[in-house]
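> Pasted the sequence and its predicted model underneath.
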There are 2 protein chains.
Amino acid sequence: MKKVVVSLSGGLDSATLLATAIAEGNEVQAVGFLYGSNHNRWEIQSATKLAEHYKIPFELIDVQRVFVGFKSNLLGGTIPEGHYEDESMKLTVVPGRNIIFASILAGYACSYGIDEVWLGIHAGDRAIYPDCRPEFYNNMTLAVSAGTDEKVLLKAPFLFETKAQIVKKGLELGVPYELTRTCYKSQQLACGKCGSCVERLEAFEKNGVIDPIEYEK
Amino acid sequence: MKKVVVSLSGGLDSATLLATAIAEGNEVQAVGFLYGSNHNRWEIQSATKLAEHYKIPFELIDVQRVFVGFKSNLLGGTIPEGHYEDESMKLTVVPGRNIIFASILAGYACSYGIDEVWLGIHAGDRAIYPDCRPEFYNNMTLAVSAGTDEKVLLKAPFLFETKAQIVKKGLELGVPYELTRTCYKSQQLACGKCGSCVERLEAFEKNGVIDPIEYEK
């Protein structure tokens, strides 16, 4: 049995990733990051609930001081509305966020004898996030392997899947999507209008299923 | 003129790296990391003095909470004495430290429009630190380029140089080595016995120069 640490944001993708890691018979634990975004506290609440649901250990790593000077509307600023692939959504990119999360998890895995780090990056993220693309992931995997003496393997099982395909898989696995948080805005109730909400709603619609979370009217 | 951020620990290698970046005519700033090692406070004091000496901006990023659960004698435990390449020195490896520092600097550079991240990794580190080897560095450079939309280049000018060669270069550049800190132990005065001190003393000896810092009797 392999030991796996899942990067758990509390969103739809990482919830499905967690369910997949468990369904494949691994010994699973999850790590979330407190990094100072507007919606972070709601994400973390979701991640905590998901970990409780699946009865797995969940650790929160506080990286807020790392991102203090970083420039992104996600860390403080207006969250654009509209489709995820729109140019305006680029404002929400946190420079190097996945590079940093993957690196920390690599060191963490190495410290705790964990074999694999699973990331929820997927095809839908690619348009705006350079650190969600295969060119990044492939090289990062090689860097992490070399940098940990081949002890840690980075895995991104959804690298070539769309959000709709992820939801399809999650529905099959019975992921409690009512516990997840996707909206980028800072209020508790999902707005239904930001790129993140729009993409989520589309993914459920494509599966002919109603998204179980509540949205702002 | 290129904008460069140097990873400045306050040690001999990064001091020479800083001097090299400045000598090459770049617009240079430095970042240090507060990561919780025993000797960290002395390193940072040295890094601060070096930045003052060269009149460049120096920012300290607090990553202590990232390394809280990480296992390494450098973070709390006995520092072995003897030669750097000895098996015992492996106890001082902080898993993934350079992967994490490089990643944070990549995101930082991206946020501030900095073109290059310079790391002081060198040939002498290779025996015990997997994240100081060319296989790591080469892949990490590709990952950072891809993950930042080709905005940030990782550079390790000393990747194939020994510590003695670094000191040779630093002496030519007039690096104020009296300001640097290398010892891994927690006391202020360098011990002269840990792997880090032994390697430093050797490097000066090979250049026929006396190390200007004071050592414990």
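That came in fine, so what should we check first?

> for stretch A:144-151, how far is the first residue from the last?
One end of stretch A:144-151 sits 9 Å from the other (C-alpha to C-alpha, to the nearest Å).

> quick one: average confidence on that stretch?
Stretch A:144-151 carries an average pLDDT of 95.

> just stretch A:115-131 next, same as before
Per-residue scores along stretch A:115-131 average to 89.

> what ranges do the helices span in chain A?
Taking DSSP state H to define them, one finds helices in chain A at A:12-23, A:40-54, A:97-112, A:134-147, A:163-173, A:195-206.

> Determine which of these approaches B:Asp125 most closely.
Set against B:Asp125 and scored by C-beta to C-beta, the helices of chain A come closest in helix A:134-147, at 12.0 Å. (Glycine included, C-beta is placed from N, CA and C.)

> Distance to B:Ile104 added to the helices of chain A, as CSV?
Shown next, in CSV, are the helices of chain A (distance: least, C-beta to C-beta, whole Å):
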stretch, distance to B:Ile104
helix A:12-23, 21
helix A:40-54, 18
helix A:97-112, 6
helix A:134-147, 14
helix A:163-173, 28
helix A:195-206, 25
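
> Would you format those helices as a markdown table with distance to B:Lys49 and mean neighbour count included?
Converted to a markdown table, the helices of chain A look like this (distance: least, C-beta to C-beta, whole Å; neighbours: other C-beta atoms under 10 Å in any protein chain shown):
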| stretch | distance to B:Lys49 | mean neighbour count |
| --- | --- | --- |
| helix A:12-23 | 44 | 25 |
| helix A:40-54 | 37 | 20 |
| helix A:97-112 | 28 | 26 |
| helix A:134-147 | 30 | 22 |
| helix A:163-173 | 51 | 19 |
| helix A:195-206 | 46 | 20 |
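
> Those: which one's closest to B:Val209?
Among these, helix A:134-147 sits nearest to B:Val209 (C-beta to C-beta), with 33.2 Å.

> ok, and what's touching the closest one?
Helix A:134-147 has contacts (C-beta atoms under 8 Å, 6 or more residues apart in numbering or on different chains) with A:98-99, A:102-103, A:106, A:117, A:119, A:121, A:130, A:152-156, A:159-160, B:96, B:98-99, B:130-131, B:133, B:135-136, B:139-140, B:142-143, B:146-147.

> circling back: tell me which of the helices of chain A lies nearest to A:Phe67.
Using C-beta to C-beta, the nearest of the helices of chain A to A:Phe67 is helix A:97-112, at 8.0 Å.

> Tell me which other helices or strands the closest one touches.
strand A:3-7, strand A:27-34, strand A:116-118, helix A:134-147, helix B:97-112, helix B:134-147 (3 or more C-beta pairs under 8 Å, 6 or more residues apart in numbering or on different chains; DSSP states H and E).

> For B:Gly76, which of those is the nearest?
B:Gly76 lies closest, by C-beta to C-beta, to one member of the helices and strands packed on helix A:97-112: helix B:97-112, at 14.5 Å.

> Okay, angle between that closest one and strand B:3-7 too, please.
Helix B:97-112 runs at 150 degrees relative to strand B:3-7, counting by axes from the mean of the first three to the mean of the last three C-alpha atoms, to 10 degrees.

> Report the inter-axis angle for helix B:97-112 versus helix B:134-147.
Using the same axes, to 10 degrees: helix B:97-112 against helix B:134-147 is 30 degrees.

> Show the model's pLDDT score for the closest residue to A:Ser186 other than its chain neighbours.
Using C-beta to C-beta, 6 or more residues apart in numbering or on different chains and skipping the chain neighbours, the partner closest in space to A:Ser186 is A:Asn38 (3.9 Å). Looking at A:Asn38, its pLDDT is 79.
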